[in-house]
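Undergrad: Got a sequence here, can you build the structure:
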Amino acid sequence: MNAPLNLQIIKSISGKPEFVLIPVAVYNALRDQIEDELAGLEAVADKSGDYAPFVLEDYVDSPIALARIKAKVTQKELGKRLGVTQAYISKVERQIKVSPKLLMKVKAALK
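TA: This is a model prediction of the structure:
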């Protein structure tokens, strides 16, 4: 007998179901169907004007974090490259303003 499928439903603040977490094996088995369905939904939303592309700059204010994320580097890896801790990188990323000198060091470390 097969074990029952363990799904987790995540609800919005209003209590409506918004997301479903499924086991990776189930996702892998249904991956092609899921991607086809999502592509269809994006095409419909794009035609209707409801679709808004994800723009990283709309969500990340820190120039350090933005540069790091675009370079696909973790805070820990950036800290290692600069000879500082991950905690220091986290602290710097929380600052809205950073010195031009620090920004240049980060950009050099990300190349």
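
Undergrad: all contacts plus neighbour counts: C-alpha atoms, from now on.
TA: Fine.

Undergrad: May I ask you to name the longest helix in the protein?
TA: Secondary structure of the chain per DSSP state H: the longest helix is helix 24-48.

Undergrad: buried sites along the helix or strand following that one?
TA: Heading C-terminal from helix 24-48, the first helix or strand you meet, by DSSP states H and E, is helix 63-70. Under the neighbour-count criterion of 16 or more other C-alpha atoms under 10 Å, helix 63-70 has 63-68 buried.

Undergrad: Hmm, Ser90 and Gln75 touching each other?
TA: Yes: contact criterion C-alpha atoms under 8 Å: Gln75 and Ser90 qualify, at 6.9 Å.

Undergrad: between those two, who's got more neighbours?
TA: Neighbours per residue, other C-alpha atoms under 10 Å: of Gln75 and Ser90, the larger number sits with Gln75, 19 against 15.

Undergrad: Neighbours of the residue lying closest to that one once chain neighbours are set aside, how many?
TA: Excluding the flanking residues, the one nearest Gln75 by C-alpha to C-alpha, 6 or more residues apart in numbering is Gln86, at 5.4 Å. Residues near Gln86, counting by other C-alpha under 10 Å, number 16.

Undergrad: how near is Gln86 to Leu66?
TA: Distance, Gln86 to Leu66, using C-alpha to C-alpha, to the nearest Å: 16 Å.

Undergrad: Could you do Ser14 as well?
TA: To Leu66, Ser14 is 32 Å away according to C-alpha to C-alpha.

Undergrad: Was I right to think the residue nearest to Gln75 contacts Lys76?
TA: Yes: between Gln86 and Lys76 there is a contact at 4.6 Å, judged by C-alpha under 8 Å.

Undergrad: Show me whatever sits in contact with both of those two.
TA: Common contacts of Gln86 and Lys76 (C-alpha atoms under 8 Å, 6 or more residues apart in numbering): none found.
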